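Q: I'd like to go over a predicted model; first the sequence, then the structure.
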Amino acid sequence: SSPSTQAAPRKATQPLQSGRTTTSEDRVKKARAAVGNDSESDEFHNACMVVFQNADVNGDGKLDRDEFWSVLHSKTLNLNLSPAEQEEFMRMADMGNSQNIKITYSEFVPIVKKLLKRVYQK
């Protein structure tokens, strides 16, 4: 008789879209690969990657102006930025009024750091 085999328990996953990662470990690995070796925590990178992937509606791995704007208005982040601050962060992302400029995850992380510092200094 053959020994019974049980499938290993699955980790909780998020619904996948093209290029999306499934577990927090996968997201952290992808995030660290994108930004190189930095001192930020795994939790920070996991949160950034979740926000980035949720905003990246078309799944191309980059945020366009509208997708980045959705980050600034995210109810999840609850940044409560003034219109002037929103425009400042759009300029910081070099988005200005252009619809053609997109930012990658590695460009997104420093902006998020500045956003969070600004919000928590209030």
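A: Yes, it's here. Numbers count the residues shown, from 1 in each chain.

Q: what's the longest helix in the chain?
A: The single longest helix within the chain, with elements called by DSSP state H, is helix 105-121.

Q: average pLDDT for stretch 25-33?
A: Within the predicted structure, the mean pLDDT of stretch 25-33 is 72.

Q: in that stretch, which residues are buried?
A: Along stretch 25-33, the positions that meet the burial threshold by neighbour count (16 or more other Cβ atoms under 10 Å) are D26, R27, V28, K30, A31. The way it works is simple: take the backbone N, C-alpha and C, and place the C-beta from them, glycine included.

Q: and for stretch 74-83?
A: Neighbour-count burial for stretch 74-83, with 16+ other Cβ under 10 Å as criterion, is recorded at L77, L79, L81.

Q: contacts only, for E43.
A: When contacts are counted by Cβ atoms under 8 Å, 6 or more residues apart in numbering, E43 touches no other residue.

Q: as JSON lines, the buried residues of stretch 25-33 with distance to K113 and secondary structure would be great.
A: As requested, those are arranged in JSON lines below (distance: Cβ to Cβ, whole Å; DSSP: H, G, I helix; E, B strand; the rest coil):
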{"residue": "D26", "distance to K113": "22", "secondary structure": "helix"}
{"residue": "R27", "distance to K113": "17", "secondary structure": "helix"}
{"residue": "V28", "distance to K113": "16", "secondary structure": "helix"}
{"residue": "K30", "distance to K113": "18", "secondary structure": "helix"}
{"residue": "A31", "distance to K113": "13", "secondary structure": "helix"}
